[in-house]
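1. The sequence and its predicted three-dimensional model are supplied below.
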Protein chains: 6
Amino acid sequence: MTTVRQPLDPEADPRVKAVFDDIRATRKTDFVNNLWRTLAFDPTLLENTWAEVKGLMAVPTQLDPLVKEMLYVAVSIANGCGYCVHSHTAAARAKGMTDAQHAELLAIVSLAGKTNHLATGLQVPIDLVFDAGASN
Amino acid sequence: MTTVRQPLDPEADPRVKAVFDDIRATRKTDFVNNLWRTLAFDPTLLENTWAEVKGLMAVPTQLDPLVKEMLYVAVSIANGCGYCVHSHTAAARAKGMTDAQHAELLAIVSLAGKTNHLATGLQVPIDLVFDAGASN
Amino acid sequence: MTTVRQPLDPEADPRVKAVFDDIRATRKTDFVNNLWRTLAFDPTLLENTWAEVKGLMAVPTQLDPLVKEMLYVAVSIANGCGYCVHSHTAAARAKGMTDAQHAELLAIVSLAGKTNHLATGLQVPIDLVFDAGASN
Amino acid sequence: MTTVRQPLDPEADPRVKAVFDDIRATRKTDFVNNLWRTLAFDPTLLENTWAEVKGLMAVPTQLDPLVKEMLYVAVSIANGCGYCVHSHTAAARAKGMTDAQHAELLAIVSLAGKTNHLATGLQVPIDLVFDAGASN
Amino acid sequence: MTTVRQPLDPEADPRVKAVFDDIRATRKTDFVNNLWRTLAFDPTLLENTWAEVKGLMAVPTQLDPLVKEMLYVAVSIANGCGYCVHSHTAAARAKGMTDAQHAELLAIVSLAGKTNHLATGLQVPIDLVFDAGASN
Amino acid sequence: MTTVRQPLDPEADPRVKAVFDDIRATRKTDFVNNLWRTLAFDPTLLENTWAEVKGLMAVPTQLDPLVKEMLYVAVSIANGCGYCVHSHTAAARAKGMTDAQHAELLAIVSLAGKTNHLATGLQVPIDLVFDAGASN
């Protein structure tokens, strides 16, 4: 059940094929997951989304690759995106996340969810010392 | 503006004083931020919350202390908790987060926010290979 | 899997039948979708909900019917309501939304999701000129 | 800072005055809070919103008045609506909520926030016995 | 489909068995639902989560047991956690929630959802009288 | 109060100046709002974000410019981003949104918020006819 028609043969479109080829080459796998297959209904949206994800998640940057995937999982949980939780947990595991690290990730995310609700329920005023601009 | 009455002299209550003392000792600072000062309206809630936060965030665990704070920031942003975004960004910075790391954290969180919306809008079906239980 | 018991023969209740008849007449179709069939467990909640949806979405108002459906889809995505994303995307398509418009809708919703996370992460102060009340 | 212009003298409009008079009479107070003063920019939206809130929250129904306010607070916290958290916490207190009940409300809401994140992070499959429809 | 491997025979681990036994004894049922079966992948996370849920939801406290479950349902709906909506609605029903109470719960939660969006869209300033701290 | 240090003289950096100049030229105004002034702490994040917003919101596309701003407002409300609600409501007004259109926008967004909560609370199963892929 999707809200758009997935093309039956998406790679018949050369723009789609180019993106799928790059996904396979970048990730060193034959598998192209459903997000990209579904985005293939609009080649421009597919190209832009892949370019952005690749540029941040699939190349060396400031942060460690596994840390980046765990951050992605954390946001996806808080936003309640089931598909994204699955795909980025799988990616984190592929990058070496152990069961113990996974359990701790879930413990932190759920504790943050808890204190987020607490601070919002209390309407805690922001401490002036937290203002990064103040030290300017 | 809070939804509860902050005690004027919270440390007059020995249970509150014990928690505040532990916060100061654990964090090696005289500063006790407003979340704890506000929670002081109910010593039990204060004790339980601090015990849980301390046990996960203030002691050595699987994950690096800075990574833990960045995960906390990520969830707090997705949940829209302004107080929590401020307090945990300050904590991350105190643990060494550079401006470049902060910028990358924000780039990942906002990209995740973007693709979360995209996957939800498309109602992408979950790939069977993502099922961790399947490999059991 | 629902959290309430859908009546086996909901239209045996004349109040439910009256709402279902109005849905069919208003939408010029025999199809009554699951939201209404599930709400039939409580005729008052069914009547009130349909009256409100009909009064805003099924009659001519300030905004174009297709625009109204796209706004409904946008909110439903941000709130992570899979059922609502499906039903209102189908309604938008029935009102003429093309694939290109759908792709642009998703691009805007996901970009808004992205900059929402960014502004929250930065805790950007609101510019005084944005205050509509100020020009009063 | 609001996104609409609050009328300087809202009660100059007889439709607004009628709603404000009903709010004062229903709540037995001279105070009309900012939500209604802001909604006064559009008398129809004001009338509809007040009629709905009054019909559910200000008249005797199945649930206890204080329970209804606590449910409203719970949803408002989870949705991150600071204004609503404040106004409905004040209403709950006016209906007799004690500090101990408030603390327990916050404990439940934040624990629910925690296990919501946990279940979403684990992507727990729904137990078949939870299907209310199944027992039909 | 879960993001972790559920142990095939979770009670082979004595720590898991102890928690499951306590769940069965506390709830007076042989049934252990999937949240706990899934959490069994990490005995510490399982123990901590059950201890917290039991301590607040399964023992007498300030609030009525049914009210506590309805608050849990309310938060779970607002957070979009399908699993939690199902499990806590079933729990509320087991504690005596009638169809009429369920309908009213849904009416309040959805009305709160509505006015939360309205107050956020209007950016209503918080009335000074709502400040609980002010009366200190 | 921001979480990053806004540069005192952001346009001393030629990359920041180039973006600010383009914002002013594109919008035909001298005013550069705080989102961009805050993003100036990281020129790359500033450049990427502006390029993306400009490419979708400031050039002619499939959808009407006012409709695009209203969609942005809708998502920002649902995500609870106060800054974004303010900035995009101001932008919609600059593009001609009347008070009556604004009131209807808020009515739709809040009704969607309401039925989103209702559908999630009921856990309504998705009607098979909504599957766009089925008609492939």
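-> Great, that's in hand.

2. what residues does chain A put near chain D?
-> Neighbours of chain D within chain A, by C-beta under 8 Å from any C-beta of the partner chain: A:73, A:77-78, A:80, A:82, A:85-86, A:105-106, A:109-118, A:120-123. No exception for glycine: its C-beta is placed from N, CA and C like everyone else's.

3. Contact partners for the residue of chain A found nearest chain E?
-> Closest residue of chain A to chain E, C-beta to the nearest C-beta: A:Ala103 (3.8 Å). Residues in contact with A:Ala103 (C-beta atoms under 8 Å, 6 or more residues apart in numbering or on different chains) are E:Phe41, E:Asp42, E:Thr44, E:Leu45.

4. For it, give its distance to B:Lys95.
-> 22 Å (C-beta to C-beta, to the nearest Å).

5. who's in contact with A:Met57?
-> Residues in contact with A:Met57 (C-beta under 8 Å, 6+ apart) are A:Pro65, A:Lys68, A:Glu69, A:Tyr72, B:Ile108, B:Leu111.

6. OK, contacts around the last one?
-> Right, the one you point to is B:Leu111. A:Glu52, A:Val53, A:Leu56, A:Met57, C:Lys114 are the contacts of B:Leu111 under C-beta under 8 Å, 6+ apart.

7. The third one is in contact with B:Val109, isn't it?
-> Looking back up the chat, that one is A:Leu56. No - between A:Leu56 and B:Val109 there is no contact under C-beta atoms under 8 Å: 10.9 Å.

8. And these two? Which one has more around it.
-> It is B:Val109, of A:Leu56 and B:Val109, that has more neighbours when counted by other C-beta atoms under 10 Å in any protein chain shown, with 27 against 18.

9. three-state assignment of the more buried one?
-> helix (DSSP: H, G, I helix; E, B strand; the rest coil).

10. Stretch A:86-97 near chain C at all?
-> No - against chain C, stretch A:86-97 shows no contacts by C-beta under 8 Å from any C-beta, the least distance being 14.3 Å.

11. Can you get me the centre-to-centre distance for that stretch and its chain?
-> Put simply, stretch A:86-97 sits 10 Å off its chain's centre (C-alpha atoms, centre = their mean, to the nearest Å).

12. buried sites along it?
-> Within stretch A:86-97, the residues scored as buried using 16 or more other C-beta atoms under 10 Å in any protein chain shown are A:His86, A:Ser87, A:His88, A:Thr89, A:Ala90, A:Ala91, A:Ala92, A:Arg93, A:Met97.

13. Stretch A:40-52 too?
-> In stretch A:40-52, counting by 16+ other C-beta under 10 Å, buried: A:Ala40, A:Phe41, A:Asp42, A:Pro43, A:Leu45, A:Leu46, A:Glu47, A:Asn48, A:Thr49, A:Trp50, A:Glu52.

14. nearest residue to the third one other than its sequence neighbours?
-> Read it as A:Asp42. Computed as C-beta to C-beta, 6 or more residues apart in numbering or on different chains, the closest residue to A:Asp42 that is not its neighbour in sequence is C:Ala103, at 3.8 Å.

15. So for that neighbour, what's the pLDDT?
-> On the pLDDT scale, C:Ala103 is placed at 98.

16. Same question for A:Glu11.
-> A:Glu11 is assigned 97 on the pLDDT scale.

17. And the residue lying closest to A:Asp13 once chain neighbours are set aside, how close does it get to F:Ser87?
-> Take A:Asp13 and drop its neighbours on the chain: the residue closest to it by C-beta to C-beta, 6+ apart is A:Pro43, 6.0 Å away. Distance, A:Pro43 to F:Ser87, by C-beta to C-beta: 31 Å.

18. what does A:Leu128 give?
-> Counting by C-beta to C-beta - A:Leu128 and F:Ser87 are separated by 25 Å.

19. again, but for A:His86
-> 34 Å.

20. cool, A:Arg5 as well?
-> Taken as C-beta to C-beta, the span from A:Arg5 to F:Ser87 is 35 Å.

21. can you list the domain ranges for chain A.
-> Using automatic domain parsing, the domains assigned to chain A come out as A:9-59, A:62-122.

22. Mind checking which of the contacts of B:Leu111 are in helices?
-> A:Glu52, A:Val53, A:Leu56, A:Met57, C:Lys114 (DSSP state H).

23. Count the neighbours of the last one for me.
-> What it means is C:Lys114. 25.

24. correct me, but it touches B:Leu118?
-> No - the pair C:Lys114 and B:Leu118 does not pass the contact test of C-beta under 8 Å, sitting 9.9 Å apart.

25. Can you tell me which of the buried residues of stretch A:86-97 end up in helices?
-> In helices, judged by DSSP H, the following of the buried residues of stretch A:86-97 are found: A:His86, A:Ser87, A:His88, A:Thr89, A:Ala90, A:Ala91, A:Ala92, A:Arg93.

26. Which of the three states applies to the residue of chain A closest to chain E?
-> Under three-state DSSP, the three-state class of A:Ala103 is helix.

27. Same check on A:Asp30?
-> Per three-state DSSP, the local secondary structure of A:Asp30 is coil.

28. ok, so what distance separates it from A:Asp21?
-> 11 Å.

29. Which one's more surrounded, those two?
-> A:Asp21 (12 against 6).

30. in which helix or strand would I find that one?
-> Here A:Asp21, judged by DSSP states H and E, is contained in helix A:14-27.

31. buried sites along that helix?
-> The neighbour-count check on helix A:14-27 (16+ other C-beta under 10 Å) flags A:Val16, A:Val19, A:Phe20, A:Ile23 as buried.

32. residues touching the residue nearest to A:Ala90 when sequence neighbours are not counted, list them.
-> Spatial nearest neighbour of A:Ala90, excluding adjacent residues (C-beta to C-beta, 6+ apart): B:Phe130 at 4.7 Å. Neighbour list for B:Phe130: A:Asn33, A:His86, A:Ser87, A:Thr89, A:Ala90, E:Met1, E:Thr3 [criterion: C-beta under 8 Å, 6+ apart].

33. what do you get for A:Pro65?
-> With C-beta under 8 Å, 6+ apart, A:Pro65 has these contacts: A:Met57, A:Lys95.

34. Same question for the one 4 residues further on.
-> If a contact means C-beta under 8 Å, 6+ apart, then A:Glu69 has A:Met57, A:His88, A:Ala91, A:Ala92, A:Lys95, A:Met97 as its contacts.

35. Check A:Phe20 too.
-> Counting by C-beta under 8 Å, 6+ apart, A:Phe20 has contacts A:Pro10, A:Glu11, A:Val32, A:Trp36, A:Ala40.

36. can you tell me how far the residue in chain A that chain C sits nearest to sits from chain D?
-> Residue of chain A nearest chain C, by C-beta to the nearest C-beta: A:Asp42 (3.8 Å). For A:Asp42, the distance to chain D (C-beta to the nearest C-beta, to the nearest Å) stands at 27 Å.

37. Can you check the pLDDT for that residue?
-> pLDDT for A:Asp42: 97.

38. try A:Met97
-> So A:Met97 comes in at 98 (pLDDT).
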